[in-house]
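S.K.: From the sequence below, what's the structure:
(2 chains)
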Amino acid sequence: MKKIGFLINPVAGMGGAVGLKGTDGKVEESRRRGAEPQSRNRAKITLSLLKNNPDLFFLTCSGEMGETILHETGISNYRLLYKYTGNSTSEDTKKAASYFMKEGVDLILFCGGDGTARDIFDIAGRNVPILGIPAGVKMYSAVFAIDPVAAAELLMGTDPWSFRDSDVLDINEERYRAGELSARLFGVARTPAIPGKIQESKQVFEEQDEERAKGEIASFMHEVMLPDTLYILGAGTTTESIASRIGVKKTLLGVDAVKNGQIVVQDADEKTLLDLIRNEKDVRIIISPIGAQGFILGRGNQQISASVVRHVGVKNIIVVATSHKLRETPVLYVDTGDPTLNREFGDSIQVISGYRMAQRRKIFQHVHE
Amino acid sequence: MYIFIQNKLLCMQTKILLDEEQMPKKWYNIQADLKSPLDPPLNPKTQKPIGPEDLSAIFPMELIRQEVTTDRQINIPEEVQDVLRLWRPSPLYRAHRLEKFLKTPAKIYYKWEGVSPAGSHKPNTAVPQAYYNMKAGIERIATETGAGQWGSALAFATMLYDLQCTIYMVRSSYTQKPYRKSMMQVWGAECIPSPSTKTNAGRAMLEKDPDTPGSLGMAISEAVEDAASHGNTNYALGSVLNHVCLHQTVIGLECREQLAMVDDYPDVVIGCIGGGTNFAGISFPFAGDKLTGKHKDVDLIAVEPASCPTLTKGLFTYDLADEAGYTPLLKMFTLGHDFVPPSIHAGGLRYHGDSPIVSQLVYDGVMRAVAYHQSEVFEAANMFARSEGIIVAPETSHAVKSTIDEALKCKKTGKEKTILFNCSGHGNFDMSAYDAYYAGSLVDYEYPDELIKESLARIPKIS
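M.R.: Got it, this is the predicted structure:
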């Protein structure tokens, strides 16, 4: 029997259709503009597929945050764990998540958007895997299944579950509404994955296990890193494993720099990076695509700005990613904020995916820009 | 195909066939025509040139002689010719339909080696190798196989001469191509996924990496160890070595005769390259013409995968032929003997080194090499299947891709070049690769050569 913490953000997705670019602090205005809740119907699709699975037991919240929808779907093997009153808020999501943690759930299944993902990850961290049924306005985080059906398939796919790393992004909604995307890497959650499903072509992949794959990339990078060269390491677990292979401690979410096996700067902002590289002869940037869409630059690594990239040179960027991550993002994106610089990346890029191994991957380029 | 000439309907010849008695009676040894002798193989321990006695534990004396001789022609034994006649001479095709599809002024010919019982060019050398071992009183042969082409060819050949056969098959191919394994069983051979627990080399590799997809280099180590540790057992290699290239020259020798029948001679000769012998087979007779000044301008192109680009990105230096270091050091283009190429579908091209003769000729500029990604070669193979009908092996699709590119260049320049390529094997057991192509899930692996240059420093240094 697997214990699943289940919650819905009842208002997720409401702001989207009425042009509010998100629902944080805008629930009433969304309702005034005639928005309908999206998440309950999305969650029902997933639940109806899980309904007859005797192996799953749900722990949930009252009313529209869970119980009502479980009941409507015809699921009876659940227990009510958290009751809320009035309109549910971000605080309710966090409280429910901490109740789930105390009960020792095997996984938290939620229905919502980037904000919900961030709130749950804030409590669950990497201790409990999380999986999102997509229903929000913005879904830059990689914890979401591609659709509600896929979410059910992921839970029924393998036994025991296998997991992958997935980036949780923190989008500043106020700035987002002002037309500026500020996407910080908030953390790296664990999310179920089905290796078999991805392997349907019967091709043998070089590495199924993500930790091992990161180890292979790290060994290779360690082998080819040059002396007296400054390496700017972007955010994420792949670059973190490179740092750990060369024997330094890197910040998981920040941008750090190393040289000759020593940390030069940790969690640097754009200005720090610019000051640093001004005095360096040889600089390289090692980055990994971040988020559900596979952004090399522009999401989670925004400290590595257009000015930094221009200074270092596009040809001195080394992109690293496990083949698992690459399979989830068939096309990579670059959003430096400077269209001319974006175009310098060309139509494809080499991505280091293993020990002495790389893949040629397509980069999305706007036709008109 | 029909054409009208002066209002007369003429049938355009598609297949150019030789009679059985026109099958070559002698192999062509290009070592006779090299500008300078090859650098000798070295003993990895002493780093001194090896002598025949170093190889006698695993090879019969006649093959050792063929490995080093500079005689221009070597007789093909009557008993070997008898077997080769089961499918040789193989047909040469004029690819009218592909030419028409490409709208190219080029004339495209392909030598179809898929007519052999094993479905590729490999039996051309498997048969004489089994024969010479049988003559030397050997009872069993151990070998390795990548995609399974060589393993099935040797299984077929050893059966003909009543020899036992043990085949170490690269694990990723063992899983991908179960029917190759079945063929080996039909012909009475034993097939083991490599690395295995049967040899010291295999056990050491599994200890280092239990989930390794295996590689040709690893499988060679296992087969060599098996042969060296059993008195009645010899080793056979399906590629790389000089005597293997020699046996394959029947391909190019037949092509030259067949083209002469239609009064033609190639401007471009193309073959895919893993260890180098299918390319050697089709190109050496023409390379000989180039070296001796008869046809100075013939363009000889070896086509390799971008994921294992030995000739285009490797170093020309001494390196081991296998992973564990049992084999002599060979002077060749190499990516390093510990390089494990990604599991592309063209398993037969996953080899870190290349034939020393081909390497020398590429180094000297007599031949050249190009590299392609996996999805573009399957696109070409698809084009070929839909125009000429034959579903080629993933390895062969590299040669098809280069041929199409050369033919399209002719379309641009208007030149009516004659292009010949070695259609080295069928892909009937590789349909999962085609499935992956149609599903859009082929990964374009490539070799990060810019970053890697430093790491090649770990190749054994020869003073």
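S.K.: Give me the local confidence score for the residue in chain B positioned nearest to chain A.
M.R.: When scored by Cβ to the nearest Cβ, chain B has residue B:436 as its residue closest to chain A, at 3.7 Å. All C-beta spots, glycine's among them, are computed from the backbone N, C-alpha and C. Residue B:436 carries a pLDDT value of 89.
S.K.: Please look at it and residue B:430 and confirm they touch.
M.R.: No. Between residue B:436 and residue B:430 there is no contact under Cβ atoms under 8 Å: 10.0 Å.
S.K.: is residue B:301 in a bridge, and if so with what?
M.R.: Beta-bridge partners recorded for residue B:301 (DSSP bridges): residue B:270, residue B:368.
S.K.: which residues touch it?
M.R.: Contacts for residue B:301 (Cβ atoms under 8 Å, 6 or more residues apart in numbering or on different chains) come out as B:268-271, B:367-370, B:402, B:406.
S.K.: try residue B:236
M.R.: By Cβ under 8 Å, 6+ apart, the contact list for residue B:236 reads B:126, B:129-130, B:133, B:141-143, B:154.
S.K.: So which of these is the closest to residue A:279?
M.R.: Using Cβ to Cβ, residue B:143 is the member of those that sits closest to residue A:279, with 58.6 Å.
S.K.: Give the pairing partners of the helix or strand containing the closest one; include direction for each.
M.R.: Using DSSP states H and E, residue B:143 maps to strand B:140-145. The pairing partners recorded for strand B:140-145 under DSSP bridges are strand B:164-170 (parallel), strand B:233-236 (parallel).
S.K.: Near the residue of chain B closest to chain A, how many other residues are there?
M.R.: Using other Cβ atoms under 10 Å in any protein chain shown, residue B:436 has 21 neighbouring residues.
S.K.: Farthest-apart pair in the contacts of residue B:236, please.
M.R.: Largest separation among the contacts of residue B:236 by Cβ to Cβ: B:126 and B:142, giving 13.6 Å.
S.K.: ok, the two, which is more surrounded?
M.R.: Between residue B:126 and residue B:142, residue B:126 has the larger neighbour count (other Cβ under 10 Å), namely 32 against 28.
S.K.: and the more buried one, that one's in a helix?
M.R.: Yes. The assignment for residue B:126 (DSSP: H, G, I helix; E, B strand; the rest coil) places it in a helix.
S.K.: hang on, the earlier thing: show me just the buried residues among the contacts of residue B:301.
M.R.: By neighbour count, with 16 or more other Cβ atoms under 10 Å in any protein chain shown, the contacts of residue B:301 hold B:268-271, B:367, B:369-370, B:402, B:406 as buried.
S.K.: Give me the pLDDT for residue 201.
M.R.: Here I'm looking at chain A. Looking at residue A:201, its pLDDT is 29.
S.K.: not what I meant, chain B
M.R.: Per-residue confidence (pLDDT) for residue B:201: 93.
S.K.: could you check whether the helix or strand hosting it is close to chain A?
M.R.: Residue B:201 is part of helix B:200-208 when elements are defined by DSSP H and E. No. Using Cβ under 8 Å from any Cβ of the partner chain, we find that helix B:200-208 stays clear of chain A, coming within 12.3 Å at best.
S.K.: Which residues outside that helix are in contact with it?
M.R.: Helix B:200-208 is contacted by residues B:168, B:194-197, B:212, B:218, B:221-222, B:225, B:323-324, B:326 when judged by Cβ under 8 Å, 6+ apart.
S.K.: and if we set it to 7 Å?
M.R.: B:194-197, B:212, B:218, B:221-222, B:225, B:323-324 (Cβ atoms under 7 Å, 6 or more residues apart in numbering or on different chains).
S.K.: before we move on, the earlier item: grab the CA positions of the strand holding residue B:143 and hand them over as CSV.
M.R.: The C-alpha trace of strand B:140-145 is given here as CSV (Å, rounded to 0.1, in the frame of the first residue of the first chain):
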residue,chain,number,x,y,z
ARG,B,140,37.6,-24.1,-31.9
ILE,B,141,37.5,-20.4,-32.7
ALA,B,142,36.7,-17.6,-30.2
THR,B,143,35.7,-14.2,-31.5
GLU,B,144,33.8,-11.0,-30.7
THR,B,145,31.0,-9.4,-32.6
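S.K.: ok, then the element right after it?
M.R.: Using DSSP H and E, the helix or strand that follows strand B:140-145 towards the C-terminus is helix B:149-160.
S.K.: Show me which residues of the stretch 351-463 of chain B sit near chain A.
M.R.: By Cβ under 7 Å from any Cβ of the partner chain, the residues of the stretch 351-463 of chain B that approach chain A are B:373, B:432, B:435-436, B:439, B:441, B:443-448, B:451-452, B:454-455.
S.K.: Next, give me the two most distant ones among the residues you listed.
M.R.: Farthest pair in those, by Cβ to Cβ: B:435 and B:454, 38.4 Å.
S.K.: Which one of those two is surrounded by more residues?
M.R.: Taking other Cβ under 10 Å, residue B:435 and residue B:454 do not tie; residue B:435 has more neighbours (15 against 11).
S.K.: where's that one relative to residue A:324, distance?
M.R.: 21 Å (Cβ to Cβ, to the nearest Å).
S.K.: And the pLDDT at the residue nearest to residue A:270 when sequence neighbours are not counted?
M.R.: Leaving aside its sequence neighbours, residue A:270 sits nearest to residue A:305 (Cβ to Cβ, 6 or more residues apart in numbering or on different chains; 4.7 Å). If you check residue A:305, the pLDDT there is 91.
S.K.: I'd say residue A:305 and residue A:268 touch.
M.R.: No. Counting by Cβ atoms under 7 Å, residue A:305 stays clear of residue A:268, with 11.3 Å between them.
S.K.: if we can go back for a sec, CSV for the strands paired with strand B:140-145, including distance to residue A:211 and mean pLDDT?
M.R.: Listed next are the strands paired with strand B:140-145 as CSV, based on distance: least, Cβ to Cβ, whole Å; pLDDT from 0 to 100:
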stretch, distance to residue A:211, mean pLDDT
strand B:164-170, 25, 96
strand B:233-236, 38, 95
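S.K.: could you dump those to CSV with distance to residue A:313?
M.R.: CSV is the format used below for those (distance: least, Cβ to Cβ, whole Å):
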stretch, distance to residue A:313
strand B:164-170, 40
strand B:233-236, 50
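S.K.: Can you show me the strands along the stretch 151-300 of chain B?
M.R.: Using DSSP state E, counting those that start in this stretch, the strands of the stretch 151-300 of chain B run over B:164-170, B:190-194, B:233-236, B:268-272, B:299-305.
S.K.: Check what contacts the fourth one and list those residues.
M.R.: Right, the one you point to is strand B:268-272. Contacts of strand B:268-272 (Cβ under 7 Å, 6+ apart): B:278-279, B:282-283, B:286, B:298-303, B:349, B:395-396, B:398-399, B:402-403, B:406, B:417, B:419-422, B:424.
S.K.: Buried ones only from the contacts of helix B:200-208, please, as a ChimeraX command.
M.R.: Buried subset of these, written as a ChimeraX selection, criterion 16+ other Cβ under 10 Å:
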select /B:194,195,196,212,218,221,222,225,323,324
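S.K.: Toward the C-terminus, what is the element adjacent to the helix or strand of chain A with the lowest mean pLDDT?
M.R.: Here the helix or strand of chain A ranked lowest by mean pLDDT, DSSP states H and E is helix A:195-198, holding a mean of 44. Of the helices and strands lying after helix A:195-198 in sequence (DSSP H and E), the nearest is helix A:210-224.
S.K.: moving C-terminal of that following helix, what's the next helix or strand?
M.R.: Using DSSP H and E, the helix or strand that follows helix A:210-224 in sequence is strand A:230-233.
S.K.: does any bit of that next one sit next to chain B?
M.R.: No. Judged by Cβ under 7 Å from any Cβ, strand A:230-233 stays clear of chain B, getting no closer than 12.3 Å.
S.K.: what helices or strands is whichever helix or strand comes after that strand leaning on?
M.R.: The C-terminal neighbour of strand A:230-233 among helices and strands, as given by DSSP H and E, is helix A:237-245. When contacts are defined as 3 or more Cβ pairs under 7 Å, 6 or more residues apart in numbering or on different chains; DSSP states H and E, helix A:237-245 sits against helix A:210-224, strand A:230-233, strand A:283-287.
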